[in-house]
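Student: Requesting a structural model of the entry that follows:
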Amino acid sequence: MKATCLLPVAMAAMGTCAMAQNSTVFGRVDLGLQSIDMDGAKRTGVDSGNYTSSRLGFRGTEDLGGGLSALYHLEMGIAADSGTAGNGNRLFNRGSYMGLADKSLGTLTLGRQYTPMFYPFLNADETGRLRLGNYSTVNSIQRTNLLRVAQAALTVPVANGALASGAKGTYSAGTGSSWEDNQLLYKTPTFAGFTASVSASPSENYTDSTKLYGGNIEYRNGAFYAGGGINRKYGKVTATGALQRSDEAVLGALYAITSSFKIWGNVHGWEVDPGAGASATIQGRDAMLGASYWTSSGELWTNYARKTVSSCSDCGSDGLGIGYNHFLSNRTELYVAYGRVGNQRNSANTFMSYAPTQFGGTVQGLAAGIAHVF
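Tutor: Reported below is the predicted structural model:
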């Protein structure tokens with residue numbers, strides 16, 4: 001009698017557990033042959049992440065009832081060519097966050113995650129089925145560095161700090177359109193095609209010495225996408241504790257003219273206060289235009305981007321990317337891509353993390369390989 005009564009209860013409990021939670025192992029593996037030319041200095045090798053960065057992650061959700069669920073996301077970069085971690089100082093360098101999602105109220109997450117400004121870059125780029133490929137000029141011109149120039153060419157005083165610093169005559173500043181630590185991020189549900197996100201990250205100690213605020217608005221309607229994002233980031237000057245500041249804004253759009261042919265692009269403006277005790281800032285702007293042609297078995301894409309920098313003579317750069325991805329299945333594809341970054345005489349922007357041998361130099365690369373998503 002007791003067993004008969006308890007059996008439905010036990011089965012119901014097991015069913016509830018099975019339906020309430022979901023955990024997934026996911027990732028990407030990308031390996032290929034890549035040749036890089038840095039003004040005549042050449043290297044060729046089998047590399048990981050030519051098209052899309054190799055990674056391994058764990059994510060999951062738990063249904064809490066009433067339209068509320070808990071979620072988590074842990075993701076690490078890997079170097080598939082050597083079997084090593086993608087970042088020696090972090091285990092989950094590509095994201096480490098958790099939060100709550102409500103169907104009516106939106107999603108709140110905490111931890112290391114993309115800033116809201118990242119998504120207009122991502123969603124207005126189709127350099128491959130996985131978007132925002134590493135040979136895209138969005139990465140080589142717009143998102144690797146805001147500037148990387150000859151320090152002697154700058155006409156404003158500069159200082160070394162968490163956001164911008166100089167070494168061996170090169171002064172550089174990074175972008176805020178990537179992962180940031182300690183973020184509190186809220187994203188709305190979709191209303192008439194619109195979503196919005198806001199984020200904030202407090203400054204926790206001098207070593208980290210950064211805090212940021214950001215937001216975006218995105219719109220989708222059939223063949224059309226548009227998105228805009230902003231980001232403000234603060235960091236401390238190492239020697240004095242004064243604040244450096246970077247401000248960024250991006251507007252991106254994508255339109256499918258036909259089911260096969262799409263055009264896409266963005267405009268990205270930025271300003272850096274080096275924190276050297278002067279009111280002068282370094283300002284810049286870059287823009288990208290791209291197109292893609294899709295067939296049932298592959299995609300041909302190309303894009304071009306150009307950067308200009310104020311308060312610095314001949315410090316601009318431009319880049320070109322072109323590639324073809326052939327789909328073997330929904331998860332596996334072959335790719336071939338060419339990319340180039342050209343620098344004006346006082347610029348030294350990199351390509352695929354490879355720097356020119358001198359200011360004003362050109363870096364170009366050619367890659368072919370295979371990528372798999374699981």
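Student: What mean pLDDT does stretch 185-196 get?
Tutor: Per-residue pLDDT over stretch 185-196 has a mean of 99.
Student: Show me which positions of that stretch end up buried.
Tutor: Residues 185-187, 195-196 are the ones in stretch 185-196 that count as buried (16 or more other Cβ atoms under 10 Å). All C-beta spots, glycine's among them, are computed from the backbone N, C-alpha and C.
Student: Tell me the gap between it and the middle of its chain.
Tutor: Chain-centre distance of stretch 185-196: 20 Å, with Cα atoms, centre = their mean, to the nearest Å.
Student: mind exporting it as CSV, just the C-alpha atoms?
Tutor: Presented in CSV, the C-alpha positions along stretch 185-196 are these (Å, rounded to 0.1, in the frame of the first residue of the first chain):
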residue,chain,number,x,y,z
LEU,A,185,23.6,43.5,-17.1
TYR,A,186,19.9,43.8,-17.8
LYS,A,187,18.2,43.0,-21.1
THR,A,188,14.5,43.7,-21.8
PRO,A,189,12.1,41.2,-23.5
THR,A,190,11.4,41.9,-27.1
PHE,A,191,8.8,44.6,-27.8
ALA,A,192,7.6,45.1,-31.4
GLY,A,193,11.0,44.0,-32.6
PHE,A,194,13.0,46.1,-30.2
THR,A,195,15.3,45.0,-27.3
ALA,A,196,17.5,47.1,-25.0
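Student: which element is the residue lying closest to Gly265 once chain neighbours are set aside on?
Tutor: Excluding its sequence neighbours, the residue lying closest to Gly265 (Cβ to Cβ, 6 or more residues apart in numbering) is Leu289, at 4.2 Å. With secondary structure defined by DSSP states H and E, Leu289 is part of strand 282-294.
Student: Next, the buried residues of stretch 272-289.
Tutor: 272-276, 281-288.
Student: Low-confidence bits of this protein, can you list those?
Tutor: Applying pLDDT under 70 to the chain picks out residues 1-19, 88, 205-209.
Student: Go again with 50.
Tutor: In the predicted model, the chain carries pLDDT under 50 at residues 1-18.
Student: From Phe194, how far out is Ser297?
Tutor: For Ser297, the distance to Phe194 (Cβ to Cβ, to the nearest Å) stands at 35 Å.
Student: can you give me the end-to-end distance of stretch 217-225?
Tutor: 11 Å (Cα to Cα, to the nearest Å).
Student: Asn25 against Gly57, yeah?
Tutor: Slight slip there: residue 25 is Val, not Asn. Yes - the pair Val25 / Gly57 is scored as a contact, 7.4 Å apart, by Cβ atoms under 8 Å.
Student: quick one: contacts of stretch 341-350?
Tutor: 140-141, 144-145, 147-150, 153, 170, 307, 309, 312-319, 351, 355-356, 358-364 (Cβ atoms under 8 Å, 6 or more residues apart in numbering).
Student: Looking at those residues, which are in strands?
Tutor: Those of the contacts of stretch 341-350 mapping onto strands are 147-150, 170, 307, 309, 317-319, 362-364, per DSSP state E.
Student: quick one, which of Val25 and Gly57 is more surrounded?
Tutor: Gly57 (18 against 10; other Cβ atoms under 10 Å).
Student: Could you pull up the residues touching the more buried one?
Tutor: 25-27, 73-76, 92, 94-95.
Student: any idea which of those is closest to Leu328?
Tutor: Taking Cβ to Cβ as the measure, Leu328 lies nearest Gly27 of the contacts of Gly57, at 17.7 Å.
Student: what about the helices in this structure?
Tutor: Ranges of helices in the chain, per DSSP state H, are 2-20, 118-123, 137.
Student: What subset of the contacts of stretch 341-350 is buried?
Tutor: Going by neighbour count (16+ other Cβ under 10 Å), the contacts of stretch 341-350 have 140-141, 144-145, 147-150, 153, 170, 307, 309, 312, 315-319, 351, 355-356, 359-364 buried.
Student: quick one on the thing from earlier: for the strand holding Leu289, which helices and strands make contact with it?
Tutor: In terms of contacts (3 or more Cβ pairs under 8 Å, 6 or more residues apart in numbering; DSSP states H and E), strand 282-294 is packed against strand 261-273, strand 298-309.
Student: Would you reformat those strands as a markdown table and include distance to Gly369?
Tutor: A markdown table is the format used below for the helices and strands packed on strand 282-294 (distance: least, Cβ to Cβ, whole Å):
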| stretch | distance to Gly369 |
| --- | --- |
| strand 261-273 | 24 |
| strand 298-309 | 15 |
